[in-house]
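Participant: how does the following fold in three dimensions:
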Amino acid sequence: MLGGGAAGLFCAAQMGRRGRRVVVLEHNRQTGRKILISGGGRCNFTNREVRPENFLSENPHFAKSALARYRPADFLALLAQHRIAWHEKTLGQLFCDGSAAQIVAMLEAECAAAGVRIVTGYRVSEVRHDGEYVVGEHRAPVLVVATGGLSIPKIGATGLAFDLARQFGLRVVEPRPALVPLLWPGWEGLSGVAAECVARTGKRAFREKMLFTHRGLSGPAILQISSYWRPGEAVELNLAPGRDLAAELIARKQERISARTALAAALPARLAERLAANEPLAEWTDKECRKLGEAVHRFRVEPTGTEGYEKAEVTAGGVDTAELSSTTMEARRQKGLFFLGEAVDVTGWLGGYNFQWAWASAYAAATGV
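Facilitator: Prediction:
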């Protein structure tokens, strides 16, 4: 097993319980580093409402089998066995009451109980296949790759999984940063301003909070839409969802207020100041009110890029699902080679979906080894 993160540890424990001899090789000095920093240190370990539609992939059907065989309720049952308390936040997101370290400790305990050996600080320089898979001094008939993607290199993320896939002749869907802030220069003066919005690109839209930053845009709505955004495309923001701003402005024309003040009833004051002139609203025509309403409801952003893997929560793309069995995660053209979790071209939404894919893909592989 290469990788001692969420998918790797969970798969190793499941394999061990099925009587397999398992060694986990992790290049960091500690396991589960990405788990430890997730969810603000409390680990958003799954989502109560997981559906295949919550995942991106060139093959949107690939994840269905694994997700159906290991569900959020199954992971909650495991937490109950280890007496780990949890709570639900918005949109079905489930977090530990305590620390994300509880999840890592649970996975390590599961591995220990299953007789799994974990080796940390292990650098993989080469992988060979001579009838068995050879990694340094280790030989095995099966190699499971759960080394994640390129996101957050400061905690040790590498492209090893993609390199190995290519080495064995498997196609890799071009990796890219996902769940990542977008760069949009020129609006730095609004840094720190947050608002609820509907972020849209193409046919995909998300209604959540957004945040102006010193480099562009962030917040849940932006992170969600970033997974679907492509360079050169625009992102449309409805900055006053659920309202008819033009009608509200027209209705208030008889009041002795400025257009900016009227707009501030629907938007944060600093944003209203940027979008509306400090002119008496009574002097505006209905057409001008409708124009401002349209500008707010269809606020157009043309990002210049993303903040990259350093700030991306996950990596989209990865090992092409056409190369893998959807029931076992084994490579179709390379017997005994498995890929899990973030290494695969299956990317979840923000909110615990990527952890659920880690558990589900790991479970699928463990049952197929």
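Participant: contacting residues around Ser151?
Facilitator: Going by CB atoms under 8 Å, 6 or more residues apart in numbering, Ser151 touches Ala157, Pro177, Ala178, Tyr309, Ala312, Glu313, Val314, Thr315, Glu342. Yep, even glycine has a C-beta here, placed from its N, CA and C like the rest.
Participant: now for those residues, which pair is the farthest apart?
Facilitator: By the measure CB to CB, Ala157 and Ala178 form the most distant pair in these, at 13.1 Å.
Participant: quickly list what's touching both of these two.
Facilitator: Residues touching both Ala157 and Ala178 (CB under 8 Å, 6+ apart) are Ser151, Thr315.
Participant: look at these two and report which has more neighbours.
Facilitator: Neighbours were counted for Ala157 and for Ala178 using other CB atoms under 10 Å; Ala178 has more, 28 against 22.
Participant: run through the bridge partners of that one.
Facilitator: Ala178 has these beta-bridge partners by DSSP bridges: Val314.
Participant: touching, it and Gln224? I think so.
Facilitator: No: counting by CB atoms under 8 Å, Ala178 does not reach Gln224; the two are 9.6 Å apart.
Participant: quick check: Ala221 vs Tyr228, distance?
Facilitator: Using CB to CB, to the nearest Å, Ala221 is found at 12 Å from Tyr228.
Participant: picking up where we left off before, need the contacts of Ser151 in TSV with distance to Cys289, can you?
Facilitator: Below are the contacts of Ser151 laid out as TSV (distance: CB to CB, whole Å):
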residue	distance to Cys289
Ala157	49
Pro177	40
Ala178	38
Tyr309	44
Ala312	40
Glu313	40
Val314	42
Thr315	45
Glu342	48
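Participant: looking at the residues you listed, which is nearest Arg71?
Facilitator: Closest approach to Arg71 among the contacts of Ser151 (CB to CB): Glu342, at 19.6 Å.
Participant: show me what contacts the closest one?
Facilitator: Neighbouring residues of Glu342 by CB under 8 Å, 6+ apart: Ala7, Gly148, Gly149, Ser151, Val314, Thr315, Gly318, Asn354, Trp357, Ala358.
Participant: identify the residues contacting the closest residue in space to Thr120 that isn't next to it in sequence.
Facilitator: Once flanking residues are discounted, Thr120 sits nearest to Glu26: 4.9 Å by CB to CB, 6 or more residues apart in numbering. Glu26 makes contact with Gly3, Gly4, Gly5, Gly8, Ile118, Val119, Thr120, Gly121, Tyr122 under the criterion CB under 8 Å, 6+ apart.
Participant: quick check, pLDDT for Glu26.
Facilitator: Listed pLDDT for Glu26 reads 98.
Participant: any chance of the backbone angles for it?
Facilitator: phi -120, psi 130 (degrees, to the nearest 10).
Participant: give me the spatial nearest neighbour of Ala194, chain neighbours excluded.
Facilitator: Leu211 (4.8 Å).
Participant: could you look up the SS state of that neighbour?
Facilitator: At Leu211 the chain is in strand, as set by DSSP: H, G, I helix; E, B strand; the rest coil.
Participant: any idea how far it lies from Ala66?
Facilitator: Leu211 is 33 Å from Ala66, where distance means CB to CB.
Participant: more neighbours, Ala221 and Tyr228?
Facilitator: Ala221 (27 against 19).
Participant: how far away is the more buried one from Arg51?
Facilitator: From Ala221 across to Arg51, the span is 19 Å (CB to CB).
Participant: cool, Thr285 as well?
Facilitator: In terms of CB to CB, Thr285 sits 47 Å off from Arg51.
Participant: repeat that for Val198.
Facilitator: 20 Å.
Participant: what about the longest helix in this protein?
Facilitator: Longest helix in the chain by number of residues (criterion: DSSP state H): helix 353-368.
Participant: give me the buried positions along that one.
Facilitator: 353-367 (16 or more other CB atoms under 10 Å).
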